[in-house]
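A.B. asks: Fold the following and give me the result.
(one chain, ligands or ions: 2)
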Amino acid sequence: MTYRVLISDPLSEDGIYPLREAEKIEVDMITDLTAAQLQEKIVDYDALLVRSQTKVTREIIANGKRLKIIGRAGVGVDNIDLDAATAHGVIVVNAPDGNTNSAAEHTMAMLMALARKIPQAYHALLQKKWDRKSHVGVELKGKTLGVIGMGRIGREVALRAKGQRMKVMAYDPFLTDDKAEQLGVSRGTVEEVVQVADFITVHTPLLKETKHLINTEAFTKMKDGVQLINCARGGIIDEEALYEAIVSGKVAGAALDVFEEEPATDHKLLELPQVIATPHLGASTVEAQENVAIDVSHDVVRLLTGDLVKNPVNMPSVPKDLMNKIEPYFYLAEKLGLFLTNVTDDVIEEITIYYAGELYEVEVAPLTRNTIKGMLKRHFGDHINDVNAAYLAEQRGIVINEQKTSTTRGFTNLITVEVKTKSGSKTVAGTLLNGLGARVVRVNNYSVDFKPQGNVLFIHHKDQPGAIGKVGSVLAEQAINIATMQVGRADVGGDAIMLLRVDKAVNEADVAVLTALPDIYGVTAMNL
Ligand SMILES: NC(=O)C1=CN([C@@H]2O[C@H](COP(=O)(O)OP(=O)(O)OC[C@H]3O[C@@H](n4cnc5c(N)ncnc54)[C@H](O)[C@@H]3O)[C@@H](O)[C@H]2O)C=CC1
Ligand SMILES: O=C(O)C(=O)COP(=O)(O)O
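C.D. replies: Ligands and ions are numbered 1, 2, ... in the order given. Predicted coordinates for the structure are as follows:
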């Protein structure tokens, strides 16, 4: 099978070598597609790579019948409909580190150009005006730079500003006093930062909480003559409010690399002489473009070759040391879910997964996702994966609980999955046996010991002499060989179960024959 990758924004050819060199991966770079053309084309592709230009909408994702991964060669994923990607089981990855340096350097270039009015002076010169009077700037030394958002770029900007002998006051919900001290910056609230700063630069993602974070109210609290820089995302600063604040004289200048609507060639802010701007160039360096293309290409190759991606955006990444501990349990967790869903006919209302023994110590969320994936696979088939399992369960109102205990009765590790429906609850438990792999050790109240693999028949019957023999005869008549068989019973002559691993699939007609046998209450055939 050959995978097809579509690159719809200009990406560094030197950076996409991991894709070009990979076997069974074909790459097309087509950078002038309209939204409608992309929506049509995407049907044929397994991966889509973009920068900030391509808007990856719900419609495009929905049409990507083969689509498995969207790679963002950069940081911001606000041009990708993440909810739609998650719902469709499409993983989104980005390249969070590759352009940090370039974006920080661009911010410093904007700060210095703003302070010294370099673009305006150059513009006047081009018009043959030797105008020194209008282009008197201010020094950075001794001034306070307010940094809102102290992530990768914000921190780099703060360090560089200190090199200009500026004072830095920063706000970030994750900035601790210790971290601030280490970085040599003071920590303040957004309100404190905007009150004391001579220059303000924003470095947050564009989120509901950060949209118009700098608004009319914030401008009223600022110093007169303050100057602002936005090299993060258009919309963090309210453009209308900024326009008013410049026209009123409150704000002396603004440097903008990004706009609420891009491209922004006809924007009223650009008519103001106090505003300098670049067309979203923060990441546009040879180095950054090569870095982000390499990172995102590697992740696409990883995913398409069955490996774990490094920079997932719409699902938590699993650190390597944790992965080493829990990877052996993935198979067991999924098969327990799959088994249970096969023997549950009612609508599932609640799933509780109990982790015991050595699993007490580790983060088990990825295992929970795998169990849910196993449970929902029966109804969603291949459409369900690690990305959308929890989302699809939540969408259907299924409550998911996770519990841990350090004690196990006789096992070093035990995963017990319980489903609740309106007609009652069912459980299955399994363990990982050293050297022997996954074993199911309990089904409801019955102790069993079987490998969750291949074609399995689960029969609920009355503990009566001959019941097992009759099942054996029916299977023999259909030339279905029994590989292993387990019987569990509650009391002599009471309810009992049979678990058979058989060498070929048992079809519906055979299930009907088995169900019609005397003393048989129910028969489920499944493939694990
Ligand atoms: N102009 C350009 O070409 C480029 C723009 N960017 C943009 O720069 C921004 C920052 O990128 P990175 O530093 O790499 O991201 P990052 O994820 O490392 O940092 C973002 C920081 O914002 C903080 N934050 C979130 N909500 C906040 C709030 N309400 N107030 C204050 N801080 C808040 C987070 O805690 C985090 O520390 C992103 O919007 C990204 O898209 C990034 C690269 C190039
Ligand atoms: O990485 C980011 O968030 C950027 O804004 C860079 O955008 P670009 O890849 O240059 O279109």
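
A.B. asks: In the chain, what residue lies closest to ligand 1?
C.D. replies: Here the chain gets closest to ligand 1 at one residue, G151, 1.7 Å apart by C-beta to the nearest ligand atom. C-beta coordinates here come from the backbone N, C-alpha and C atoms, glycine included.

A.B. asks: what about the residue nearest to that residue when sequence neighbours are not counted, how many residues close to it?
C.D. replies: Excluding the flanking residues, the one nearest G151 by C-beta to C-beta, 6 or more residues apart in numbering is H203, at 6.3 Å. By the criterion of other C-beta atoms under 10 Å, H203 has 27 neighbours.

A.B. asks: my read: H203 touches A158, true?
C.D. replies: No. Using C-beta atoms under 8 Å, H203 makes no contact with A158, being 9.3 Å away.

A.B. asks: Now list whatever residues contact both of those two.
C.D. replies: V147, M150 (C-beta atoms under 8 Å, 6 or more residues apart in numbering).

A.B. asks: ok so, going back, which residues touch the residue nearest to G151?
C.D. replies: Per C-beta under 8 Å, 6+ apart, neighbours of H203: T107, V147, I148, G149, M150, G151, I153, G154, V157, C231, A232.

A.B. asks: Out of those, list just those in strands.
C.D. replies: Counted as lying in strands by DSSP state E, out of the contacts of H203, are V147, I148.

A.B. asks: and the contacts of H203, which of them are in helices?
C.D. replies: T107, I153, G154, V157 (DSSP state H).

A.B. asks: Could you export these as CSV, including pLDDT?
C.D. replies: As requested, the ones in helices among the contacts of H203 are exported to CSV (pLDDT from 0 to 100):
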residue, pLDDT
T107, 98
I153, 97
G154, 98
V157, 98
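
A.B. asks: Measure how buried the residue of the chain closest to ligand 1 is and give me the count.
C.D. replies: For G151, the neighbour count with other C-beta under 10 Å is 17.

A.B. asks: contacting residues for the nearest residue to V147 once chain neighbours are set aside?
C.D. replies: Take V147 and drop its neighbours on the chain: the residue closest to it by C-beta to C-beta, 6+ apart is A170, 4.2 Å away. The neighbours of A170, taking C-beta under 8 Å, 6+ apart as the test, are 146-148, 150, 154, 158, 180, 183, 185-188, 193.

A.B. asks: residue contacts, G522?
C.D. replies: By C-beta under 8 Å, 6+ apart, the contact set of G522 is I459, H460, T515.

A.B. asks: ok, 10 Å please
C.D. replies: If you count contacts by C-beta atoms under 10 Å, 6 or more residues apart in numbering, G522 has them with V343, D345, F458, I459, H460, H461, I497, V511, L514, T515.

A.B. asks: For it, give its distance to ligand 2.
C.D. replies: Here G522 is placed at a distance of 56 Å from ligand 2 (C-beta to the nearest ligand atom, to the nearest Å).

A.B. asks: Please apply the same query to A85.
C.D. replies: Using C-beta to the nearest ligand atom, we find A85 at a distance of 17 Å from ligand 2.

A.B. asks: Per-residue pLDDT of the closest residue to ligand 2 within the stretch 51-200 of the chain, please?
C.D. replies: Nearest to ligand 2 in the stretch 51-200 of the chain, going by C-beta to the nearest ligand atom, is G74, at a distance of 2.7 Å. Per-residue confidence (pLDDT) for G74: 97.

A.B. asks: Would you confirm that it contacts A283?
C.D. replies: Yes. Using C-beta atoms under 10 Å, G74 is in contact with A283, at 5.5 Å.

A.B. asks: Mind listing the shared neighbours of these two?
C.D. replies: Shared contacts of G74 and A283, counting by C-beta under 10 Å, 6+ apart, come down to R51, S52, A95, G98, N99, A103, Q289, N291, V292.

A.B. asks: And the furthest pair within those residues?
C.D. replies: Based on C-beta to C-beta, the longest span within those runs between S52 and N291 and measures 15.8 Å.

A.B. asks: residues in contact with L183?
C.D. replies: Counted by C-beta under 10 Å, 6+ apart, L183 has contacts V147, M150, G154, R155, A158, L159, K162, V168, A170, L175.

A.B. asks: where's the dip in pLDDT among those residues?
C.D. replies: Model confidence across the contacts of L183 bottoms out at L175, which has 86.

A.B. asks: how about that residue, what does it touch?
C.D. replies: V147, G149, M150, G151, G154, R155, L183, V185, R187, G188.

A.B. asks: The residue nearest to V147 - that's part of a helix, no?
C.D. replies: No. Under the criterion used here (DSSP: H, G, I helix; E, B strand; the rest coil), A170 is strand, not part of a helix.

A.B. asks: what's across from it in the sheet?
C.D. replies: V147, R187 (DSSP bridges).

A.B. asks: Show the pLDDT at H461.
C.D. replies: Reported pLDDT for H461: 94.

A.B. asks: can you pull the buried residues of the helix or strand harbouring it?
C.D. replies: Using DSSP states H and E, H461 falls within strand 455-462. Buried residues in strand 455-462, defined by neighbour count with 16 or more other C-beta atoms under 10 Å: N455, V456, L457, F458, I459, H460, H461.

A.B. asks: Then stretch 312-325?
C.D. replies: For stretch 312-325, the neighbour count (16+ other C-beta under 10 Å) marks P312, V313, N314, M315, V318, K325 as buried.

A.B. asks: Check whether the fifth one really touches N370, as I assumed.
C.D. replies: Think V318. No. With contact defined as C-beta under 10 Å, V318 does not count as touching N370 (11.1 Å).

A.B. asks: before we move on, what SS does A264 have?
C.D. replies: Under three-state DSSP, A264 comes out as coil.

A.B. asks: Specify the local secondary structure of the spatially closest residue to E287 that is not a sequence neighbour.
C.D. replies: Counting by C-beta to C-beta, 6+ apart, S102 is the residue found nearest to E287 once chain neighbours are left out, at 6.6 Å. Secondary structure state of S102, per three-state DSSP, is helix.

A.B. asks: show me the contacts for S102.
C.D. replies: S102 sits in contact with 153, 156, 281-289, 291-292, where contact means C-beta under 10 Å, 6+ apart.

A.B. asks: Then N311?
C.D. replies: 71-72, 92-98, 295-296, 298-299, 317.

A.B. asks: what's around the spatially closest residue to it that is not a sequence neighbour, how many residues?
C.D. replies: Among residues not flanking N311 along the chain, V93 sits closest, at 4.9 Å (C-beta to C-beta, 6+ apart). Counted with other C-beta under 10 Å, residues neighbouring V93 total 28.

A.B. asks: With V258 instead?
C.D. replies: For V258, the count of nearby residues is 24 (other C-beta under 10 Å).

A.B. asks: doesn't L206 make contact with it?
C.D. replies: Yes. Assessed by C-beta under 10 Å, V258 is found in contact with L206 at 8.9 Å.

A.B. asks: ok, the residue of the stretch 351-500 of the chain found nearest ligand 2 - contacts?
C.D. replies: For the stretch 351-500 of the chain, the residue closest to ligand 2 is V387, as judged by C-beta to the nearest ligand atom, at 21.5 Å. Neighbouring residues of V387 by C-beta under 10 Å, 6+ apart: 68-69, 85-92, 312, 314-315, 369, 373.

A.B. asks: So which of the residues you listed are in strands?
C.D. replies: Taking DSSP E, the ones among the contacts of V387 that sit in strands are I69, I91, V92.

A.B. asks: Quick one: the helices in the stretch 251-400 of the chain, in order.
C.D. replies: In the stretch 251-400 of the chain, the helices defined using DSSP state H, counting those that start in this stretch lie at 286-304, 320-342, 365-380, 389-395.

A.B. asks: Please produce TSV containing those helices, extended by distance to ligand 2.
C.D. replies: Shown next, in TSV, are these (distance: least, C-beta to the nearest ligand atom, whole Å):
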stretch	distance to ligand 2
helix 286-304	7
helix 320-342	25
helix 365-380	27
helix 389-395	24
